[in-house]
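1. Predicted model and sequence below, questions to follow.
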Amino acid sequence: MEGIVIREMGLSEQGSVRALFKRCLGPIDLAAFSIAFCDVIKSIKKRQGCCLVAVQGGAVVGTMSLRTFTYGGRRAGLVDAVASDRAVRGRGVAKAMLATAIGWFEARGYPDVYATVDRYNSPSWNMFVHAGFKPYEFPDQVRDFGGRFLKLWADEGHLFGFGTFFLKRSATRAGPAPRASPGALHLLAACTAYSLLWIVVLFRGGGASLDACLAAVVVASSSVVLPEAGHAAMARALGLRTCFKAWSSGFWFMLALGIVGGIYPAYGSTYVAQLDWSYTRNRRETGLVYVVGPIVNAITAVASRLLASLVGTGAWRVVLDMAFTMNLWLAIFNILPIKSAGGMPFDGYKIFTWSKAAWGVLAGSVVGLFIAGYLHLY
């Protein structure tokens, strides 16, 4: 880090920070970081925050936003909008800014520091974990903040940052430490939320009979469990450990969107659990693990349609028709080579960055199945 200085930003340097964002961020992250930067400018003017900058040769090459809040007497420091120029990445700039940030909060009497991090952003996730941050899950948030957890979510932009996780670092040992909930509990929560989404869809369409709702629960749960089990099985075959994590803020968004007529399966994802794992450095393994999900959905959709043609009418036909629709739409959704809110990559993005050929074959097959299925060609 020779020649790089970490210090607080002056208000006259706002343009330099915005220029850094434009140089090193994609369009989705640029929008999110710009909103966060506006918030920190307001905090600076109220003496409730600061923006750290890393400066090299007079140019801003790194930035980190810090804000302070009080929720019902509980003080919280929030770290947000961490960015560094591509030319200095790998030189410990973000790590040095985070160490400075922790000292800044502690000097002002904020021992508890929070951040939201996309777990697929391996460099950021690993940096925070090595700095003493631990996963801060929904039960702990409610325990500590009560109903004010929603204000915490809003202040950190977590309401629309599904796919990101809260992390907490505490300089004191007072009170219970954050604890990780079992993966099975996360999977159960995801199945419940996704089932509720489809029950909402049924009510919206006027077809919410008891049989249809029960079918929605069975099919939605299997549509979540089977692809995630496929991810985990492939990871094990590659010698990797995984964990499934539900997206608490995604549940709210998913159900709210379902009520107004949309469908977005923001229930959670399977992650590689090894510390210091990098999705970008291990693109082949990443692609192999996540290609399984859309394949499982596509196979389940085809099997459901073929079985439906054999059972005629009745409750099983309702279940199989619903399984066909859910799984085919999930397959289509998951092959999209894009990133979502918070920068979270879809399975299609992970596959595409590993092998464009593999993505092309899979995407073509899924689209073909989609067209053939709705034309009743199988």
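-> Done, it's in.

2. Count residues in the vicinity of the closest residue to Arg75 other than its chain neighbours, would you?
-> Excluding the flanking residues, the one nearest Arg75 by Cβ to Cβ, 6 or more residues apart in numbering is Tyr110, at 5.2 Å. From N, CA and C alone the C-beta is placed, and that goes for glycine too. Tyr110: 20 surrounding residues under other Cβ atoms under 10 Å.

3. Poorly predicted segments of the chain, please.
-> Applying pLDDT under 70 to the chain picks out residues 1, 173-180, 341-343, 377-378.

4. Would you mind writing the CA trace of stretch 118-127 as CSV?
-> C-alpha atoms of stretch 118-127 as CSV (Å, rounded to 0.1, in the frame of the first residue of the first chain):
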residue,chain,number,x,y,z
ASP,A,118,-23.2,-10.3,-0.9
ARG,A,119,-21.8,-13.7,-0.1
TYR,A,120,-21.0,-14.3,-3.8
ASN,A,121,-18.7,-11.2,-3.6
SER,A,122,-15.9,-13.4,-2.3
PRO,A,123,-13.2,-10.7,-1.7
SER,A,124,-15.6,-8.5,0.3
TRP,A,125,-17.1,-11.4,2.3
ASN,A,126,-13.7,-12.9,3.2
MET,A,127,-12.3,-9.4,4.2
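
5. Surely Met97 and Val55 touch.
-> No - between Met97 and Val55 there is no contact under Cβ atoms under 8 Å: 11.2 Å.

6. neighbour-wise, which of those two wins?
-> Counted by other Cβ under 10 Å, Met97 and Val55 do not tie: Met97 has more neighbours, with 24 against 17.

7. Can you tell me the element the more buried one falls in?
-> Element membership for Met97 (DSSP states H and E) is helix 93-107.

8. Pull out the buried residues from that helix.
-> If you call a residue buried by 16 or more other Cβ atoms under 10 Å, then helix 93-107 has these buried ones: Val93, Ala94, Lys95, Ala96, Met97, Leu98, Thr100, Ala101, Ile102, Trp104, Phe105.

9. Can you tell me the closest non-neighbouring residue to the fifth one?
-> Right, Met97. Nearest in space to Met97, with sequence neighbours left out and distances taken as Cβ to Cβ, 6+ apart, is Met64 at 4.4 Å.

10. Next, work out how far apart that neighbour and Lys95 are.
-> 11 Å (Cβ to Cβ, to the nearest Å).

11. so what's the backbone phi/psi at the residue nearest in space to the middle of the chain?
-> By Cα atoms, centre = their mean, the chain has its centre lying nearest to Gly163, at 1.0 Å. Main-chain dihedrals, Gly163, degrees, to the nearest 10: phi 100, psi -10.

12. Same question for Cys24.
-> Residue torsions, per degrees, to the nearest 10, at Cys24 are phi -120, psi 0.

13. and the lengthiest strand in the chain, what other elements does it pack with?
-> In the chain, taking DSSP state E as the definition, the longest strand is strand 59-71. Counting contacts by 3 or more Cβ pairs under 8 Å, 6 or more residues apart in numbering; DSSP states H and E, strand 59-71 is packed against strand 4-8, helix 14-24, helix 27-45, strand 49-56, strand 74-84, helix 93-107, helix 149-156.

14. Need the three-state assignment for Pro337.
-> Applying DSSP: H, G, I helix; E, B strand; the rest coil to Pro337 yields a three-state assignment of coil.
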